Structure formats: structure tokens, C-alpha cells
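Novice: structural data only, the sequence is not supplied:
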């Protein structure tokens, strides 16, 4: 039978409106019953949880307000409101398949632990800027009904010896206590190669601390998601610590169409020449294509039109191409001066 602590934890989760935590504890009880040989009871509990989760998914729910970080964590973690699920993100079929497999392990984490297995929870996203890495991390939180925290690297990394590692310790302590999705963006600032010529002893110590913290067992199975635009400069020992390394790429023809269609509402587009639009968007990221389409829609609204044509969209896409090329030239020039 379930113990008093589990009953109290279930009552608290219900009082807080945290359905997912309630279900998780119920599955822990089921696992305990199975270990004691009470297979029928365990199966009944699992079936009840599955039924409750399915019922919850078919009705409108109100998002549970999660508590913002306080105290020493207040300047290190940003709590972001989650409005996204995987259905809102344009991804390749292969990437979607792997993300769904990750989500399945997280949703069935208690079943895995019953057999002595640990669900994947340390994930590295690599790919160019604007490819959807941050949005995908948010979508994972949305799918799992978890808080989404973004680690503020500007507050985390300091020039004082030992301070950055101490702040990392605070963050990882929180991951062990509060189940959530913790997102380290521009992760190469922390995870660069220890042999890099511009490296300093302090950052080597920070990376070593991160490696140790990442290996710590986490009973609540918080998701640690790191993202980088520069996977080539990450320390190889760090990459090996991640359960999943998922690569994001620039959108292909089908993905360009999907991005434009998802941002063109409420406009109609009866005569769009998709080949022309795809050619104009080639080389742009998802974020750039989305912004270009949004700009075209705003212009049409102000001109009191209810539809867009090919020229409306390609004009904004070409403007984005010019901006992107100008930025690339400046970036290349700056690199040549260093």
C-alpha cells in the first residue's frame, strides 16, 4: 500500500492544481505495488492514470501558474509563459520522431524506473540561429505541462573566481527539486573546448563543474536542454554527457511552405506561386521567413486588403536576404580584425 508521504504529496499536488505531479506519484505507487507482486493492482492504477490523462487532453484546460524564481535564483532563471506544443513548430520528420520518442520516455518515466531504466533528460540542440531551437524547447515544456526556465547566461557567467560554478550549483540544485524544462541557450559560452587558445582557468573549472552536475541523478527527471549555434567548439567530453544530440537545419522546400502558411493568417492567398516564394526564401532561417511573412501581412492589413500575392511575400523575403547578407559581411570583417 502507498505510504503516508506519497498520500500527502498527492494531496498537495491536487491542491496546487498540478495534475502531472499527481499522476506521477500515482504511477510511483503502481510501480511499488508491482514490485510487491500486486500486478493486478498496479495495472488498475496505470489504467486509471492513462484514462485520466486522456480525459484531460480532450477538454479545455487553464494553464497552471508556476511560481517565479526567488532569492538567489531570481536573477539566474527566467520563467517563460508556455504557449507552444510540438504541433506549433515546423520540424523535419526525423527530428519530430526523435522528439516524440523523448516525450514518450518522459511521460512513461515511472514505468522505465520500475525496470531500473532512466528516461532521457539531457538534450543538446545544435543548428543555425532561427532554426527553432528555443521554440522547440518551449514546446517540450508545453507537451509535458512543465514550467519553462531560461538560464540567464549574462547573470551566470562572471569574472570572479568560483562565482560562476557556485551559481551553476544553485541552478542544478533547483533541477533536482523542481521538475521543469531548463534551457541553456548559447551554450557554447559555458561548454567551449577546454583546450581553446582563449580559454582561462576559471572557465575550465566551470566546464568541469557542469560535467559533474550533469551526471548527478535526478529523481524528478527535469529536462536539461542546451542549445548552440557552434557545435564545433563544444568540448567533446561534454557532448558525450547528453542523452540526445538533435540537429536543426535550415528549412527545406516543404518546411518553407509550412512556415509561410502558418504565419499568413488571416490573409487569403489564392494565387501564390510557391516555387517563386521558395526560391526567394532559400538560405533564410525559419525565424526570418516567419518575420518576412508577418511583415507582408501587416502591410496588407494597413492597405485594407484581405489577401496576399506572390510579390507581397517575395518582396519581404528579399529584404530579409539583404539584411542577412549585410550582417554576414560585417561579422566576417570583424572576425578578420581579431
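Specialist: Perfect, I can see it now. Computed from a predicted structure; not experimentally measured.
Novice: CA only for contacts and neighbour counts going forward, please
Specialist: Fine.
Novice: centroid-nearest residue for the chain?
Specialist: residue 137 (0.9 Å; Cα atoms, centre = their mean).
Novice: just to be sure, that one is in a helix?
Specialist: Yes: looking at residue 137 with DSSP: H, G, I helix; E, B strand; the rest coil, it is inside a helix.
Novice: check contacts around it.
Specialist: Residue 137 makes contact with 181, 183, 225, according to Cα atoms under 8 Å, 6 or more residues apart in numbering.
Novice: list the ones among those that fall in strands.
Specialist: 181, 183, 225 (DSSP state E).
Novice: and which of those residues is nearest to residue 243?
Specialist: Using Cα to Cα, the shortest approach to residue 243 within those belongs to residue 225, at 10.4 Å.
Novice: is it true that the closest one touches residue 124?
Specialist: Yes: contact status for residue 225 versus residue 124: in contact at 5.8 Å, counting by Cα atoms under 8 Å.
Novice: walk me through the domains of the protein.
Specialist: Segmentation of the chain into domains, based on automatic domain parsing, reads 4-57, 72-247, 253-337.
Novice: circling back: identify, from the ones in strands among the contacts of residue 137, the entry nearest to residue 86.
Specialist: Nearest member of the ones in strands among the contacts of residue 137 to residue 86, counting by Cα to Cα, is residue 181, at 14.5 Å.
Novice: which ones are touching that closest one?
Specialist: Going by Cα under 8 Å, 6+ apart, residue 181 touches 137-138, 140-141, 146-149, 222-225.
Novice: out of the residues you listed, which one sits closest to residue 128?
Specialist: Among the contacts of residue 181, residue 137 lies closest to residue 128 (Cα to Cα), at 15.1 Å.
Novice: now do the closest one against residue 219, distance only.
Specialist: To residue 219, residue 137 is 21 Å away according to Cα to Cα, to the nearest Å.
Novice: got it, and residue 304?
Specialist: Distance of residue 304 to residue 219, computed by Cα to Cα: 56 Å.
Novice: the two: which has the busier surroundings?
Specialist: Using other Cα atoms under 10 Å as the criterion, residue 304 and residue 219 rank with residue 219 on top: 12 against 9.
Novice: and the more buried one, helix, strand or coil?
Specialist: Residue 219 ends up coil, using three-state DSSP.
Novice: name the nearest residue to it, sequence neighbours excluded.
Specialist: Setting aside the residues directly before and after it, residue 219 is nearest to residue 176 in space (Cα to Cα, 6 or more residues apart in numbering), at 6.9 Å.
Novice: now do the buried residues in the helix or strand harbouring that neighbour.
Specialist: Here residue 176, judged by DSSP states H and E, is contained in helix 163-177. Buried residues in helix 163-177, counted by 16 or more other Cα atoms under 10 Å: 164-165, 167-168, 171-172, 174-176.
Novice: close enough to count as contact, residue 26 and residue 47?
Specialist: No: Residue 26 is not in contact with residue 47 according to Cα under 8 Å; the separation is 10.8 Å.
Novice: if you count surrounding residues, which of these two has more?
Specialist: Between residue 26 and residue 47, residue 26 has the larger neighbour count (other Cα under 10 Å), namely 23 against 13.
Novice: show me how far the helix or strand hosting that one is from its chain's centre.
Specialist: Assigned by DSSP H and E, residue 26 falls within helix 19-35. Distance, stretch centre to chain centre, for helix 19-35: 26 Å (Cα atoms, centre = their mean, to the nearest Å).
Novice: OK, contacts around residue 228?
Specialist: Neighbour list for residue 228: 124-127, 185-188 [criterion: Cα under 8 Å, 6+ apart].
Novice: count the residues that sit near the nearest residue to residue 132 once chain neighbours are set aside.
Specialist: Spatial nearest neighbour of residue 132, chain neighbours left out: residue 286 (6.9 Å); criterion: Cα to Cα, 6+ apart. Using other Cα under 10 Å, residue 286 is surrounded by 26 other residues.
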